[in-house]
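> My questions concern the predicted model and sequence given below.
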Amino acid sequence: MVLNALEKSKKVILTVQPFPSRCEDGFTCGLVTGGSSGLGLATVERLVQNGASAVILDLPSSDGAALAEKLGERCAFAPADVTSEADVQSAVSLAREKFGKLDLAVNCAGIAVAFKTYNFKKDLPHSLEDFQRVINVNIAGTFNVIRLAVGEMGKNEPDADGHRGCIINTASVAAFDGQVGQAAYSASKGGIVGMTLPIARDLAPMGIRVVTIAPGLFSTPLLAGLPEKVRSFLADRCPSPRKRYTLLFAHLGKVFILLKPIKCTIPPFIVKTIKL
Ligand SMILES: NC(=O)c1ccc[n+]([C@@H]2O[C@H](COP(=O)([O-])OP(=O)(O)OC[C@H]3O[C@@H](n4cnc5c(N)ncnc54)[C@H](O)[C@@H]3O)[C@@H](O)[C@H]2O)c1
């Protein structure tokens, strides 16, 4: 990841801060799902580099263990599937046991498939199994993490503004502008958008903020996993698809963290990222 000079200098300063510590965003510990790759990894790096702790929640087969070791004592790996209650509960408990509290959860775990509803050339319908798998990981997995993470956040002492924690979900521009072949993916991201407001209303009385971001294209392993034809098709709809925007995503997360609601009068919001 490319860091500019300012960030490099911050990194040096922050490594000598007492541990555990809060990052400049005001958070102590973030649980980041899908934290061993792409946008999730950028968010983990952002948290650790800025003085917070991070728990990488990712599949046992991921690089999470090696990455956590590389990132140092303020990072831990929780091998987990977001769709498993037991796995996610263990990850939440790990955050409390290792870093004292959990006050941020960033949902980045996600999967995608690209297939038309019906391929008339091959006389083949979209696989129902694939559709259900995407819905399960992207919607149910996100909800599973939220519902268990907030149980832990609810135990935090509220800050001066009455806030106990923050949830950041990752939808996609496909939630609003799905392309050919994105029925499953768009449905899953639309589901995340749809549940954001009721969840935010559920959790507002406890001072837990909920936001969902809907980014455009990023060059990550998720995108690389799609067929070249699909990548080119999507890229044609994005002015600069070949750049790495993971750092931008991490900064975007920070933007949300910094946007503290004014006495809960601002409703939860959903923002489409700017396509650069
Ligand atoms: N890359 C893009 O262009 C783009 C655009 C908009 C939204 N998004 C969304 O951003 C999020 C992150 O995407 P990315 O591009 O960084 O993808 P990525 O493939 O680089 O990372 C996704 C991570 O999720 C993990 N994961 C998958 N299934 C899991 C499960 N069941 N339990 C736990 N972990 C699981 C993977 O192991 C991987 O580490 C996804 O939700 C994706 O839909 C990506």
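Sure, I can see it.
> check which helix or strand covers A105.
Assigned by DSSP states H and E, A105 belongs to strand 104-107.
> Can you give me the buried ones in that strand?
L104, A105, V106, N107 (16 or more other Cβ atoms under 10 Å). (Each C-beta comes from the backbone N, C-alpha and C, glycine too.)
> That strand close to the ligand?
No. Judged by Cβ under 6 Å from any ligand atom, strand 104-107 makes no contact with the ligand; its nearest approach is 7.2 Å.
> swap in stretch 72-90?
Yes. Using Cβ under 6 Å from any ligand atom, stretch 72-90 reaches the ligand at D81, V82, T83.
> Tell me if I'm right that the last one and V134 touch.
Which is T83. No. T83 is beyond contact range of V134, at 11.5 Å (criterion: Cβ atoms under 8 Å).
> what about those two, which has more around it?
V134 (22 against 19; other Cβ atoms under 10 Å).
> Look up phi and psi at the more buried one.
phi -60, psi -40 (degrees, to the nearest 10).
> so how far is Q182 from it?
Per Cβ to Cβ, to the nearest Å, V134 is found 10 Å from Q182.
> list the residues that contact both of those two?
A112 (Cβ atoms under 8 Å, 6 or more residues apart in numbering).
> For stretch 117-133, buried residues please.
By neighbour count on 16+ other Cβ under 10 Å, the buried set for stretch 117-133 is H126, F131, R133.
> Check stretch 88-108 too.
So, applying 16+ other Cβ under 10 Å, buried residues of stretch 88-108: 88-89, 91-92, 94-95, 98-99, 101-108.
> I'd like to know which elements the top helix by length along the chain is packed against.
Ranked by residue count and defined by DSSP state H, the top helix of the chain is helix 183-203. Where contact means 3 or more Cβ pairs under 8 Å, 6 or more residues apart in numbering; DSSP states H and E, helix 183-203 is packed against helix 128-135, helix 141-153, strand 165-170, strand 208-214.
> Return the residues of the stretch 1-150 of the chain in contact with the ligand.
So the stretch 1-150 of the chain meets the ligand at 33-34, 36-40, 58-59, 62, 81-83, 108-112, 137, 141 (Cβ under 6 Å from any ligand atom).
> I appreciate the help and will end here.
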